[in-house]
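Trainee: Show me the folded form of this:
(one chain, ligands or ions: 2)
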Amino acid sequence: MRQFLKELPKCEHHLHIEGSLSPELLFQLAATNRIKLPHDNSAFASISTLEARYEHFTSLDDFLHFYYIGMSVLITSSDFESLAYDYFTRAHKDGVHHAEIFFDPQAHTDRGIAYNTVVTGLVAAQQRAEKDYGLTSKLILCFLRHMTADDALGTYKAASSLGHFSDGTVVGIGLDSSEVGNPPEIFREVYAAASEAGIRRTAHAGEEGDPTYIERALDICNVERIDHGIRLAEDGALLKRVAKDKTLLTVCPLSNVRLRCVSKVADLPIRKFLDSGVRFSINSDDPAYFGGYILDNFYAVQEAFGLSMEEWKYIADGAIKGSWCDEERKTFLL
Ligand code: ES4
Ligand code: ZN
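Mentor: Ligands and ions are numbered 1, 2, ... in the order given. Presented below is the predicted three-dimensional model:
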């Protein structure tokens, strides 16, 4: 079964590229770029103390604190290229054929790193990964929901004015960071602009937030996907609607355990989603922080649910169908 899961052609839809920064690369870049890590936080004493701390996140916000400090070592285009190429190399080993990766431009522009520096590095890695591994990928620009709607609009306009949506450099927009208290409708204006321009749309919803966050993302922001969405299981009517519309949920099992959204993988509504015909993919979220890449997430689900090969084929096919690549690539992957 493990060999079958390894070889199953995978698409990854929920991967924060900044969340693939390993403690090793974090310390290495901190030294190269002379970035001071917080000396008052003993977790940053060494690679091993940092790894140990990652095993004890208490919530999404507790994790985000480390996530934003971690990415402060990323300075040059070449840093972003190394980061993304390392991820693609790892994803390729896990049987990923197509990846749609999130990036958080505001987390970089806010500390003086230009939007274009970030994108130039990511695009260089994407091109190398396609050439070296045949791995295709897309970028999804995420807005930080703890920042204002105006800030999100400004970021959207910066990407737009560089032609990054129209030339396909960036396929869509997303919404991440601290969910509870920062509901999706705050960002309705930027989502309306993206809808109008034919840009793909997703949002993190129903990770820590209740099912109304999912409903509001669908109704008010007109999203086509839901990232996480595990709390959908709490609302039967909404579950039926999501199944009927074939809205893709991008589920991240090891993330949900590490951030204590559930106490174990077996508590996730995977069986319920399968039985109700909800389309979902299995993803790694922030693999360097949550103890596993995509295949580790597949293995964890298999261990908890003992799915059949037919069920895995259904999940993998749904992931291809729910991808934002062109139809030709989908047909090739199916
Ligand atoms: C995230 Cl797991 C998760 N949730 C929300 N925002 C995020 N950014 C990076 N990882
Ligand atoms: Zn996420």
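Trainee: Next one: the residue of the stretch 1-150 of the chain found nearest ligand 1 from Glu303, what distance?
Mentor: Of all residues in the stretch 1-150 of the chain, the one sitting closest to ligand 1 is His16 (4.1 Å; C-beta to the nearest ligand atom). Bear in mind the C-beta positions are built from the backbone N, C-alpha and C, glycine included. Remark: distance between His16 and Glu303 (C-beta to C-beta, to the nearest Å) = 25 Å.
Trainee: hang on, the earlier thing: and the closest residue to the residue of the stretch 1-150 of the chain closest to ligand 1 other than its chain neighbours, what does it touch?
Mentor: Nearest residue to His16, sequence neighbours excluded (C-beta to C-beta, 6 or more residues apart in numbering): Phe102, at 4.7 Å. Taking C-beta atoms under 8 Å, 6 or more residues apart in numbering as the contact definition, Phe102 lies against His14, Leu15, His16, Ile17, Ile140, Leu141, Cys142, Gly174, Asp176.
Trainee: does Phe102 count as helix, strand or coil?
Mentor: Secondary structure, DSSP: H, G, I helix; E, B strand; the rest coil: Phe102 is strand.
Trainee: hmm, back to that, settle it for me: which of His16 and Glu303 has more neighbours?
Mentor: His16 (26 against 11; other C-beta atoms under 10 Å).
Trainee: Surely that one and Ser284 touch.
Mentor: No - using C-beta atoms under 8 Å as the test, His16 is too far from Ser284 to be in contact (9.4 Å).
Trainee: Show me what the residue of the stretch 51-200 of the chain found nearest ligand 1 is bridged to.
Mentor: Proximity of the stretch 51-200 of the chain to ligand 1 (C-beta to the nearest ligand atom) peaks at Asp176, 3.4 Å away. Listed beta-bridge partners, Asp176: Leu144 (assigned using DSSP bridges).
Trainee: Can you check which helix is longest in this structure?
Mentor: helix 115-133 (DSSP state H).
Trainee: what's in contact with that one?
Mentor: 17, 76-85, 87-89, 92, 101, 103, 105, 108-109, 135-137, 139, 155, 158-159, 162, 164, 169-170.
Trainee: Name the residues of it that are buried.
Mentor: For helix 115-133, burial by neighbour count (16 or more other C-beta atoms under 10 Å) applies to 115, 117-126, 128-129.
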